[in-house]
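K.L.:
I need the structure of the sequence given here:
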Amino acid sequence: MANWTEKQKQKYARFQEILEIGKQRYVEAGGNPKHYRAGFKGQDYLTDEERKEANRIMRQMFGISIANGYVSCQGRSWQLPENSPLDKKQLEADS
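P.N.:
Next comes the predicted model:
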């Protein structure tokens, strides 16, 4: 994090803010803060919009991209399984 630009630091701060919002909702609902599971739909207490924003920030910060049936991250790439929902989501996001 020492070599991050100011913009990257701001994105990371926003990402953490989103996770803290979900954690606070979880605790207010009676959950144990040590058992909070960020990013698991139905368990993270985030709205769909907050989850999408956190996902978008994470992809931008860590260089994750999905295109033409492949996931690329940090110089490596993997082919998605046939009919992967991730590939469909990327197509919808691009339209």
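K.L.:
which strands and helices sit next to the helix or strand hosting Glu17?
P.N.:
Assessed by DSSP states H and E, Glu17 sits inside helix 6-28. With contacts taken as 3 or more C-beta pairs under 8 Å, 6 or more residues apart in numbering; DSSP states H and E, helix 6-28 sits against helix 48-62. C-beta here means a position set from N, CA and C on the backbone, and glycine is covered the same way.
K.L.:
okay, angle between the helix it packs on and helix 6-28 too, please.
P.N.:
140 degrees (axes from the mean of the first three to the mean of the last three C-alpha atoms, to 10 degrees).
K.L.:
what does stretch 33-41 rub up against?
P.N.:
Residues from elsewhere that reach stretch 33-41, judged by C-beta atoms under 8 Å, 6 or more residues apart in numbering: Leu19, Gly22, Lys23, Tyr26, Val27, Gln43, Asp44, Arg51, Ala54.
K.L.:
for this protein, where's the lowest mean pLDDT among helices and strands?
P.N.:
helix 85-94 (a mean of 59; mean pLDDT, DSSP states H and E).
K.L.:
so how far is Cys73 from Gly22?
P.N.:
Look at Gly22 and Cys73: by C-beta to C-beta, to the nearest Å, they are 24 Å apart.
K.L.:
give me the more crowded residue out of the two.
P.N.:
Taking other C-beta atoms under 10 Å, Gly22 and Cys73 do not tie; Gly22 has more neighbours (22 against 13).
K.L.:
quick check: that one touching Asp44?
P.N.:
Yes: the pair Gly22 / Asp44 is scored as a contact, 4.8 Å apart, by C-beta atoms under 8 Å.
K.L.:
for Thr5, give me phi and psi.
P.N.:
The phi/psi pair for Thr5 (degrees, to the nearest 10) reads phi -80, psi 170.
K.L.:
burial of it, as a residue count?
P.N.:
Using other C-beta under 10 Å, Thr5 has 8 other residues around it.
K.L.:
so it versus Tyr12, what's the distance?
P.N.:
11 Å.
K.L.:
what of His35?
P.N.:
24 Å.
K.L.:
looking at these two, which is more packed in?
P.N.:
Between His35 and Tyr12, counted using other C-beta under 10 Å, Tyr12 has the larger neighbour count: 15 against 8.
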